[in-house]
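Chemist: Model the structure of this input:
(4 chains)
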Number of protein chains: 2
Amino acid sequence: MRIIQSDCEVIYDGRGHTELARGIRLILIKDDGTVIIHRTTGVKPTNYMGSVVSFDEYDDGERHVILAKSKKEQLMIINYNMVVDVRMPKIPDDADFNNVGTERQQQEWLSRHFHEVFGESNVYIMREFQTGDGSCDLLGYDTVHKRAVLIEVKRKAVKKDVYQVLRYRDAVMKAAVERKHGILDQIPSGDYSLSMFDKPHLILAAESVSRGVENECEQHGVKFVCTGTEWRHDTVPNSVARKDVNKYATRTDANDLEPVSSSLFDDNE
Amino acid sequence: MRIIQSDCEVIYDGRGHTELARGIRLILIKDDGTVIIHRTTGVKPTNYMGSVVSFDEYDDGERHVILAKSKKEQLMIINYNMVVDVRMPKIPDDADFNNVGTERQQQEWLSRHFHEVFGESNVYIMREFQTGDGSCDLLGYDTVHKRAVLIEVKRKAVKKDVYQVLRYRDAVMKAAVERKHGILDQIPSGDYSLSMFDKPHLILAAESVSRGVENECEQHGVKFVCTGTEWRHDTVPNSVARKDVNKYATRTDANDLEPVSSSLFDDNE
DNA sequence: TCATCCATGTCGGAT
DNA sequence: ATCCGACGTGGATGA
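Modeler: Predicted structure coming up:
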């Protein structure tokens, strides 16, 4: 990791084009080549670039230019005064990162508490049902009316989400009309018929809701169901460890790192 | 700006809950209180927090704990070994950030090249037309059929975007049915009647398009129009300067900053 | 590679 | 304060 504090201009060109006028910023260059440029306020960097393929660095009399290129983009940092330019040792970090409270977990919890939340007459079929135009979070079956139940899960539902369900409805109804039986193949025990998609029930299930969503639901024949917050306390683990870390560094213990006074000035790799 | 390299655990709790196991990370604490924690690879931080209200910091024999709180969230950083902990002077940065190639600029360009792109019979009325359920990028008028033209602009259109137009159509048709004349108030020279929204024309205008979008458009009576890339070279400026910067620092010139050897160890504010 | 969808999304603008 | 939509969205996942 290289850390630079510099009076600089930044020009990005690629998917878009940005120019950041001269000022003092903090620049990080990570071990994998990632470049991140931060101003003094705010969570998001003004500029950044991942998947860097090559670095060019040269002095121009007045300016020290750093040019990072990826496949289709480039980031030019024109430094007028690099106040700080230090490198820290490359350190691996394969620690677990556990994230609780994702929509995925909410979805999984609902699959396990299906009757309780959606009623006795509805049975759970599967998660991530491919409609032909995106995947619907939960697919159920209304045993009374013999219809599919399409359920979109959100933590906080907004009006736009109603249309996401309508999109899934259009897709499965299209499959039903066009007799595309392939859509049934993904259902585990396949004793269902295509006709269940003729007029599917639609549900938007969320923990909380923006104003006007219930109204929007009503107007479009979508049922709104509140999931509550119980799912947050009964989640499947979600740990993710980085696997690619040892590409960039060998194992190091923090105690082996140089103390501040010398490590910060190790300007060599 | 404070920069910490530390062997630490991180626990976030708020909208979600995350736990990052022990490892060596880089921690930034910006002048506005923003906290950002980066691992050795990747563009995005593992943890972050903006709008910080208070910091708590205490030693626990073994560990040095930093606790940042915002209104509804908190971020606990448990440090086992702070290898680096330096503060850089607070520096203002009110420089312009200019972003070229935004949808906003594409929208503005289309408003200036309306006939050329959408045809002679269509006239431009306004941008950001409030439909009652979200704002439609462009509102035009078909002088032949005497209908409103609702246009959604995208750089790259995907199938979901078709439904965004349908949503605006539903909203304005609802206004027409319910005789809500208020929707006309936002039109500059208001010699239009509510009936123009009875059966509006729908257009999705984009520079490029994902596979299947034209098909989706056809099925829902939406016309797809390709905008080309010309707009990228004829844009209105989009500069944004930070206004709140001087809250956090007074003006400083890079040349006034301490050279590396001393500034990094200025551990006082 | 492309398409889709989530995100502790963040951010800016408008109501 | 909330709602709304864009973003150089990034990142993961499945086809």
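
Chemist: Show me the shaky parts of the stretch 151-269 of chain A.
Modeler: Confidence mapping of the stretch 151-269 of chain A against pLDDT under 70 gives the ranges A:190, A:239-269.

Chemist: Neighbours of the residue in it positioned nearest to DNA strand C, how many?
Modeler: Per C-beta to the nearest atom of the strand, the residue of the stretch 151-269 of chain A with the smallest distance to DNA strand C is residue A:155, at 5.9 Å. Where C-beta positions appear, they are placed from N, C-alpha and C, glycine not excepted. With neighbours defined by other C-beta atoms under 10 Å in any protein chain shown, the count for residue A:155 comes to 17.

Chemist: mind listing what it touches?
Modeler: By C-beta atoms under 8 Å, 6 or more residues apart in numbering or on different chains, the residues touching residue A:155 are A:101, A:103, A:106, A:206, A:207, A:208.

Chemist: The residue sitting furthest away from the middle of chain A and residue A:80, how far apart?
Modeler: Taking C-alpha atoms, centre = their mean as the measure, the residue most remote from the mean C-alpha position of chain A is residue A:61, 42.8 Å away. Distance of residue A:61 to residue A:80, computed by C-beta to C-beta, to the nearest Å: 11 Å.

Chemist: Next, the buried residues of the helix or strand hosting residue A:124.
Modeler: In this structure, residue A:124 sits in strand A:122-130 according to DSSP states H and E. Taking 16 or more other C-beta atoms under 10 Å in any protein chain shown as the neighbour-count basis, strand A:122-130 is seen to contain the buried residues A:122, A:124, A:125, A:127, A:129, A:130.

Chemist: Over to the closest residue to the last one other than its chain neighbours: give its phi and psi.
Modeler: Excluding the flanking residues, the one nearest residue A:130 by C-beta to C-beta, 6 or more residues apart in numbering or on different chains is residue A:186, at 6.0 Å. The phi and psi values for residue A:186, taken as degrees, to the nearest 10, are phi -80, psi -10.

Chemist: Please name the bridge partners of the closest residue in space to residue A:13 that isn't next to it in sequence.
Modeler: The spatial neighbour of residue A:13 that comes closest, neighbours along the chain excluded (C-beta to C-beta, 6+ apart), is residue A:74 at 5.7 Å. The bridge-partner assignment for residue A:74, based on DSSP bridges, gives residue A:13, residue A:69.

Chemist: Give me the distance between residue A:74 and chain B.
Modeler: Separation of residue A:74 from chain B (C-beta to the nearest C-beta, to the nearest Å): 15 Å.

Chemist: do you know how far that residue is from residue A:51?
Modeler: Taking C-beta to C-beta as the criterion, residue A:74 is separated from residue A:51 by 12 Å.

Chemist: Quick check on those two: which one has the bigger neighbour count.
Modeler: Ranked by neighbour count (other C-beta under 10 Å), residue A:74 and residue A:51 place residue A:74 first, with 17 against 13.

Chemist: for the more buried one, what are its contacts?
Modeler: When contacts are counted by C-beta under 8 Å, 6+ apart, residue A:74 is found next to A:12, A:13, A:14, A:67, A:68.

Chemist: circling back to that earlier point, got the confidence number for the residue farthest from the centre of chain A?
Modeler: Per-residue confidence at residue A:61 stands at 88 (pLDDT).

Chemist: can I assume residue A:128 is in contact with residue A:135?
Modeler: Yes - with contact defined as C-beta atoms under 8 Å, residue A:128 reaches residue A:135; the gap is 4.7 Å.

Chemist: Can stretch A:123-130 be said to contact DNA strand D?
Modeler: Yes - Stretch A:123-130 lies in contact with DNA strand D when judged by C-beta under 7 Å from any atom of the strand; the contacting residues are A:128, A:130.

Chemist: With stretch A:95-108 instead?
Modeler: No - in this structure, stretch A:95-108 remains apart from DNA strand D according to C-beta under 7 Å from any atom of the strand; the gap is never smaller than 8.6 Å.

Chemist: contacting residues around that stretch?
Modeler: With contact meaning C-beta under 8 Å, 6+ apart, stretch A:95-108 is reached by A:127, A:137-138, A:153-155, A:207, A:227, A:231-232, A:235-242, B:15-23, B:46.

Chemist: can you map out the strands along the stretch 51-200 of chain A?
Modeler: With strands called from DSSP state E, counting those that start in this stretch, the stretch 51-200 of chain A shows them at A:54-60, A:63-69, A:74-87, A:96-100, A:122-130, A:135-142, A:147-157.

Chemist: export those to TSV and tack on distance to residue A:180?
Modeler: Formatted as TSV, the entries for the strands of the stretch 51-200 of chain A read as follows, by distance: least, C-beta to C-beta, whole Å:
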stretch	distance to residue A:180
strand A:54-60	47
strand A:63-69	45
strand A:74-87	45
strand A:96-100	36
strand A:122-130	12
strand A:135-142	16
strand A:147-157	14
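
Chemist: Do you know the pLDDT at the closest residue to residue A:67 other than its chain neighbours?
Modeler: Leaving aside its chain neighbours, residue A:67 sits nearest to residue A:56 (4.0 Å; criterion: C-beta to C-beta, 6+ apart). Residue A:56 is assigned 96 on the pLDDT scale.

Chemist: for residue A:56, what are its contacts?
Modeler: With contact taken as C-beta under 8 Å, 6+ apart, residue A:56 is in contact with A:65, A:66, A:67, A:68, A:69.

Chemist: need the contact list for the second one.
Modeler: It refers to residue A:66. Applying C-beta under 8 Å, 6+ apart to residue A:66 gives the contacts A:27, A:55, A:56, A:57, A:76, A:77, A:79.

Chemist: Taking those residues, tell me the two that lie furthest apart.
Modeler: When those are compared pair by pair using C-beta to C-beta, the farthest-apart members prove to be A:27 and A:56, with a separation of 15.1 Å.

Chemist: wait, residue A:63 sits on residue A:78?
Modeler: Yes - the pair residue A:63 and residue A:78 qualifies as a contact (C-beta under 8 Å) at a distance of 5.2 Å.
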